[in-house]
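got a sequence here, can you build the structure:
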Amino acid sequence: NSSDAHLTDSGMDGRKNNIHITPARKPRAGTKRRDVVTSPAPQNKKKKVTSTPSKASSGHPRGLSSAHTKQADEYVEEKALVKDYLKDNIDKLQTIAEHSDQSTQQYITKQAESIAEFIDELVQCAKPGLGKAKLEKKLKRTIKDQLKRRSRAGKHSGKTDAEMFNSAKSFLPWLRPGSYSTFSTTNEKHIYPCFLELINFVAELLVRPPLDQQPASSDEQPQRLVRSYLLTDVKPDNSESGRRVDLALKCDALSYENPIADDEYDEDSFQISEEELKENGSWDDKRPNYPRIFAIVEVKPNTSAANMEKGFAQLVKYSHEIFWNQHNRHYIWGLVSGGSNVKACVFGPNFLLASQFMDVTTAEGRLELIRFLVNWSFCELSKLGYDPTIRFNRKHKCLTIDMVNSNKPEPAQTTYYLREIVVVAERVFGRHTRCFVVGEQPSSSDGNCDTSADILIKDAWPE
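Model (predicted):
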């Protein structure tokens, strides 16, 4: 039912921030309490996580197994969650990520169609019986001709024609089986570089639009680029479970003034300078880390029921890690691939929704997947699952929370400055309750501040 594809848009234009959490404690005496139904949470950079997600953090009555329990036991409980919450084959689920402005979305769709046509031409190059040398010569010529029709590489795109050719050569065997005899979807690791390069190829073309489709306004420019980290089958930093993920995706900001996340990753590992951020627009391109991961891709060799069930179960665990590390997330996107068939899925407080298959060996399936990837780069942050009421304040180096006080005669919005987090969201499914100690004035540079008027915000989403 297509109506199932419409989530409640509570507004998530917030940024993905790396904040360290203090262990939960009771609020100090005299602290006021307020419920904020529409604003998941921030974090405190000066505090460091000293605890791990609880055993009950999965949302299942028994919770997830401890770190000392075998993964096989964990899968049993994760599969039980999939059975309880999964709604599969939702029609038009990907439309959740469409831009809310119809005219802007029409432009975005044209961009997606132009990229799909580009890739279709590459697929057509790989005709059966064509030798490798002739195929590669044809690919190079097609890429060169296509790029001539597009804007030149700018500050956010640096791939040469040769690098674009290498990317195409990597993902083509997945889109056109038989184009390279050594490729086989029976080995899921063969699919990793294909999926990675396809995602990054699409992102590169977004900042090099066709010459006859130049953006007419800032709304018709990508707000970010969704790319894949370069390391695959790797354990992300800040992982509680230690499990490896197949691919992890990140959002690269296209301007220093409007980043997705805070400008420091971890005080104890490394700091990125403002100059580096201005130049690169991102942090580590290679190794994923949970405070910054946007979505995870789980790859399986085929679409058997057992493989798809395991893929969803693994994403349950990974989503739990993201909710634990990112306190401004309302819901989380993911992708599950069974051979050449891909499903989009989204995890929220009381649902796990999965789309119908997108078959990348067909023009229709490729267009659907590309349109979905392109929408991610253009849409409002709320459509990505972030909360717009949580923002990072560069001047004061802390998070702020916008809140409407309905107790006043004329409800007005107040911006509060984060002091610390005392409760984090420990469950994949549930209300994602978080609690923050905040004040109306920021802390001084030496960390001192007047806490006499601090309040406690309880932030929970309706189930």
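
sec struct for Arg431, please.
Here Arg431 is recorded as coil under DSSP: H, G, I helix; E, B strand; the rest coil.

neighbours of it, how many?
Look at Arg431: counted by other CB atoms under 10 Å, it has 15 neighbours. Where you see a C-beta, it was placed from the backbone N, CA and C, and this is true even at glycine.

pLDDT score for it?
Model confidence at Arg431, given as pLDDT, is 76.

and what of Arg434?
84.

surely it touches Arg427?
No. Applying CB atoms under 8 Å as the test, Arg434 and Arg427 come out as separate, 11.4 Å apart.

report the central residue of the chain.
With distances taken as CA atoms, centre = their mean, the residue of the chain nearest its centroid is Phe294 (2.0 Å).

on that earlier part again, neighbour-wise, which of Arg434 and Arg427 wins?
Set side by side, Arg434 and Arg427 show more neighbours around Arg434, with 27 against 21, by other CB under 10 Å.

dump the residue contacts of that one.
Neighbour list for Arg434: 40-41, 327, 421, 423-425, 458-460 [criterion: CB atoms under 8 Å, 6 or more residues apart in numbering].

skipping its backbone neighbours, what lies nearest Asn200 in space?
The spatially closest residue to Asn200, leaving aside those adjacent along the chain, is Arg227, at 5.3 Å (CB to CB, 6 or more residues apart in numbering).

cool, Pro177 as well?
In space, and not counting its chain neighbours, Pro177 is closest to Thr361: 6.4 Å by CB to CB, 6+ apart.

backbone phi and psi for Ile421, please?
Backbone torsions for Ile421, taken as degrees, to the nearest 10, come to phi -110, psi 130.

what's the answer for Asp402, then?
Here Asp402 shows phi and psi, under degrees, to the nearest 10, equal to phi -90, psi 130.

quick one: which of the contacts of Arg434 is most hemmed in?
Counting neighbours by other CB under 10 Å, Ala41 comes out on top of those with 31 neighbours.

ok, the residue nearest to Pro177 touching Gly178?
No. Using CB under 8 Å, Thr361 is not in contact with Gly178, being 10.2 Å away.

neighbour count winner among those two?
In this view Thr361 and Gly178 are compared by other CB under 10 Å, and Thr361 has more residues nearby, 15 against 11.

where does this protein have low pLDDT?
Residue ranges of the chain with pLDDT under 70: 1-73, 153-158, 180-182, 255-284, 408, 411, 445-448, 462-463.

is the residue nearest to Asn200 within a helix or a strand, and which one?
Using DSSP states H and E, the element containing Arg227 is strand 224-228.

now the element after that strand, going C-ward?
As assigned by DSSP H and E, the chain's next helix or strand after strand 224-228 is strand 247-253.

tell me which residues of the biggest helix by length in the chain come out buried.
In the chain, with assignment by DSSP state H, the single longest helix is helix 102-125. Buried residues in helix 102-125, counted by 16 or more other CB atoms under 10 Å: 104-105, 107-112, 114-116, 118-119, 122-123, 125.

tell me which of those is nearest to Arg244?
The closest of the buried residues of helix 102-125 to Arg244 turns out to be Ile119 (CB to CB; 28.7 Å).

so what's that closest one closest to, chain neighbours aside?
Excluding the flanking residues, the one nearest Ile119 by CB to CB, 6+ apart is Arg366, at 6.3 Å.

swap in Ser100?
Distances taken as CB to CB, 6+ apart put Glu380 closest to Ser100, at 6.3 Å, once the chain neighbours are dropped.

number of nearby residues for that neighbour?
Neighbour count of Glu380, defined by other CB under 10 Å: 18.

need phi/psi at it.
Torsion angles, degrees, to the nearest 10, at Glu380: phi -60, psi 150.

and if you look at Phe378?
Dihedral angles of Phe378 (phi, psi; degrees, to the nearest 10) stand at phi -110, psi -30.

and if you look at Asn89?
Here is the backbone geometry of Asn89 (degrees, to the nearest 10): phi 60, psi 40.

I'd guessed it sits against Cys345; true?
No. Using CB under 8 Å, Asn89 makes no contact with Cys345, being 11.0 Å away.

what do those two both touch?
Contact criterion CB under 8 Å, 6+ apart; residues bridging Asn89 and Cys345 by contacting each: 354-355.

comparing the two, which residue is more hemmed in?
Neighbour count, other CB under 10 Å: between Asn89 and Cys345, Cys345 has more, with 24 against 13.

and that one, what does it touch?
Contact analysis of Cys345 by CB under 8 Å, 6+ apart lists 93, 312, 315, 333-336, 352-355.

give me the element it is part of.
Assigned by DSSP H and E, Cys345 falls within strand 341-348.

skipping adjacent residues, who's closest to Phe371 in space?
Small correction: residue 371 is Arg, not Phe. Nearest residue to Arg371 in three dimensions, chain neighbours excluded: Ala112, at 4.0 Å (CB to CB, 6+ apart).
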